[in-house]
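Novice: This is a predicted model, with the sequence first.
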Amino acid sequence: MLILNGILHHGISMSSFSCVCLCSARAESAGSIPARRIRRLFSFQRHLLSSRLLRGAPHLNPLHILDEDYCGQAKCMLEKVGSWNFDIFLFDRLTNGNSLVFLTFNLLNQYGLIELFQLDMVKLRRFLVLVQEDYHNQNPYHNAVHAADVTQAMHCYLREPKLAQSLTSFDILLGLLAAATHDLDHPGVNQPFLIKTNHYLAALYRNTSVLENHHWRSAVGLLRETELFSHLPVEDSIERQLGSLILATDISRQNEYLSRFRTHLDENDLCLGHASHRHFVLQMALKCADICNPCRPWELSKQWSEKVTEEFFHQGDIEKKHKLEISPLCDSEANTIASVQIGFMTYVVEPLFAEWARFSDTRLSQTMLGHLGLNKASWSALEPEASGSSEEGESEPGRATEECTDGDELFKVQIT
Ligand SMILES: [Zn+2]
């Protein structure tokens with residue numbers, strides 16, 4: 001806790017509110033660039049972001065002008081970091097936009113991983129600050145708060161009895177790091193957009209898991225730059241396994257992972273004494289953590305729904321402006337938050353969490369399924385016509401992906 005106090009009190013400025021204005025200004029300027037220059041726009045952004053020389057030393061947003069009460073409340077919240085009701089938005093405000101740094105540090109410390117792996121405190125702090133900085137604050141959804149939220153959810157899953165009894169400290173370290181870095185440097189647009197605008201990342205990764213490969217390689221870049229694990233003989237293994245976990249979050253491979261999970265559960269042959277099986281369960285846990293928004297209490301879930309739809313519609317606006325084909329779910333005139341959410345819950349979230357609850361039949365799993373049902377009902381009540389297509393999923397959520405191929409394909413393509 002002493003170490004945490006030191007980090008919490010490290011000098012940081014209270015700019016959360018001005019950030020919102022800055023984001024809209026950037027979003028507007030992005031939309032005004034001619035179509036032929038879209039590729040340059042994104043390459044240019046990446047160049048600026050990746051240039052350490054231009055960026056200088058990493059820095060936390062200042063905390064020192066915040067009232068002592070804010071720091072006290074943030075520390076108080078961390079005592080309940082394992083609660084499914086944890087309000088990451090409030091925590092982010094209390095830490096002045098530093099939720100990812102503080103939350104991840106706290107968890108690594110709480111699990112005893114800093115001591116066990118003899119992590120250098122200066123390197124660790126630098127690594128976490130760089131990770132937080134490499135998320136784009138201007139993205140409504142794929143930003144550092146989403147990463148912090150996924151890390152918090154991952155922590156909840158790691159504490160579930162089946163995992164807690166079998167995971168090694170190394171597994172936990174990997175799980176937390178993968179959660180914190182799984183969307184690193186996300187550009188706020190999806191893979192089809194990068195492909196159709198000839199973005200260099202699409203060419204680099206041959207149009208396959210383009211974003212996930214980039215998130216992983218960006219994480220490896222920061223690990224090497226900070227030399228966080230350079231004293232460990234398992235450095236290569238960390239990089240490899242981190243990649244395997246992050247690549248599992250590619251939603252276009254959802255059915256592949258889900259059927260494997262289903263087969264293991266049907267045959268009851270998951271043996272968590274085997275490293276490969278533990279790794280597979282970690283992959284499934286990270287996938288759940290990544291799309292668990294609809295399983296949170298309504299007040300939190302609703303905010304995430306609004307943010308992710310805002311990001312989709314922003315992409316749609318860029319596509320419209322530059323006369324590109326508008327991606328599915330991105331047209332604000334053809335979709336609503338409710339219709340996007342109900343489809344997402346039916347075709348993607350329900351099937352995954354139904355299997356997760358079979359694997360880990362606990363109070364948390366029942367709580368998550370309970371929120372999922374209530375949240376879907378709330379969106380349906382807000383827009384009854386949008387819920388019409390989800391009847392199949394409601395009758396048998398576990399098999400929704402097989403029965404509703406069109407919807408499934410639509411969401412597989414879009415959600416990342
Ligand atoms: Zn994510």
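Specialist: It's in.

Novice: you'd agree residue 371 is up against residue 302?
Specialist: No - look at residue 371 against residue 302 with Cβ atoms under 8 Å: they stay out of range, at 11.2 Å. (Glycine included, C-beta is placed from N, CA and C.)

Novice: Show me the domain layout of this structure.
Specialist: 2-55, 63-290, 295-414 (automatic domain parsing).

Novice: if I look at the closest residue to residue 177 other than its chain neighbours, how far off is residue 219?
Specialist: Closest residue to residue 177 apart from its sequence neighbours, by Cβ to Cβ, 6 or more residues apart in numbering: residue 242 at 6.2 Å. Going from residue 242 to residue 219 by Cβ to Cβ, to the nearest Å gives 6 Å.

Novice: which residues do those two both contact?
Specialist: 177, 181 (Cβ atoms under 8 Å, 6 or more residues apart in numbering).

Novice: thinking again about what came up before, and of the domains of the chain, who's closest to the ion?
Specialist: The ion sits nearest to domain 63-290 of all the domains of the chain, at 4.2 Å, using Cβ to the ion.

Novice: and that closest one, how far out from the chain's middle?
Specialist: 7 Å (Cα atoms, centre = their mean, to the nearest Å).

Novice: where does the chain have its least confident helix or strand?
Specialist: helix 16-31 (a mean of 33; mean pLDDT, DSSP states H and E).

Novice: If you drop the residues flanking it in sequence, what lies closest to residue 313?
Specialist: residue 332 (4.2 Å).

Novice: Which residues of the stretch 51-200 of the chain lie near the ion?
Specialist: residue 183 (Cβ under 5 Å from the ion).

Novice: mind listing the strands for the stretch 51-200 of the chain?
Specialist: Along the stretch 51-200 of the chain, counting by DSSP state E, counting those that start in this stretch, no stretch forms strands.

Novice: All the helices of it, residue numbers only.
Specialist: Ranges of helices in the stretch 51-200 of the chain, per DSSP state H, counting those that start in this stretch, are 52-55, 68-78, 88-94, 99-110, 113-116, 121-134, 144-158, 161-166, 169-181, 191-196, 200-204.

Novice: worst average pLDDT in those?
Specialist: Mean pLDDT values for the helices of the stretch 51-200 of the chain show the minimum at helix 52-55, a mean of 53.

Novice: wait, residue 307 sits on residue 149?
Specialist: No - Residue 307 is beyond contact range of residue 149, at 10.6 Å (criterion: Cβ under 8 Å).

Novice: Between the two, which has more neighbouring residues?
Specialist: Ranked by neighbour count (other Cβ atoms under 10 Å), residue 307 and residue 149 place residue 149 first, with 27 against 20.

Novice: Contacts only, for residue 231.
Specialist: 118, 120.

Novice: For the closest residue to residue 94 other than its chain neighbours, give its distance to residue 218.
Specialist: The shortest distance from residue 94 to any non-neighbouring residue, by Cβ to Cβ, 6+ apart, is to residue 74 (4.1 Å). According to Cβ to Cβ, residue 74 and residue 218 sit 27 Å apart.

Novice: One more: residue 270?
Specialist: 31 Å.

Novice: which other helices and strands contact the helix or strand residue 262 falls within?
Specialist: Using DSSP states H and E, the element containing residue 262 is helix 254-267. Applying 3 or more Cβ pairs under 8 Å, 6 or more residues apart in numbering; DSSP states H and E, we find helix 254-267 packed against helix 275-290, helix 350-359, helix 400-403, helix 405-414.

Novice: least reliable of those helices going by mean pLDDT?
Specialist: For the helices and strands packed on helix 254-267, where the average pLDDT is lowest is helix 400-403, sitting at a mean of 35.

Novice: OK, contacts around the residue lying closest to residue 152 once chain neighbours are set aside?
Specialist: Spatially, and ignoring its direct neighbours in sequence, residue 152 is nearest to residue 86 (5.5 Å; Cβ to Cβ, 6+ apart). Contacts for residue 86 (Cβ under 8 Å, 6+ apart) come out as 77, 80, 152.
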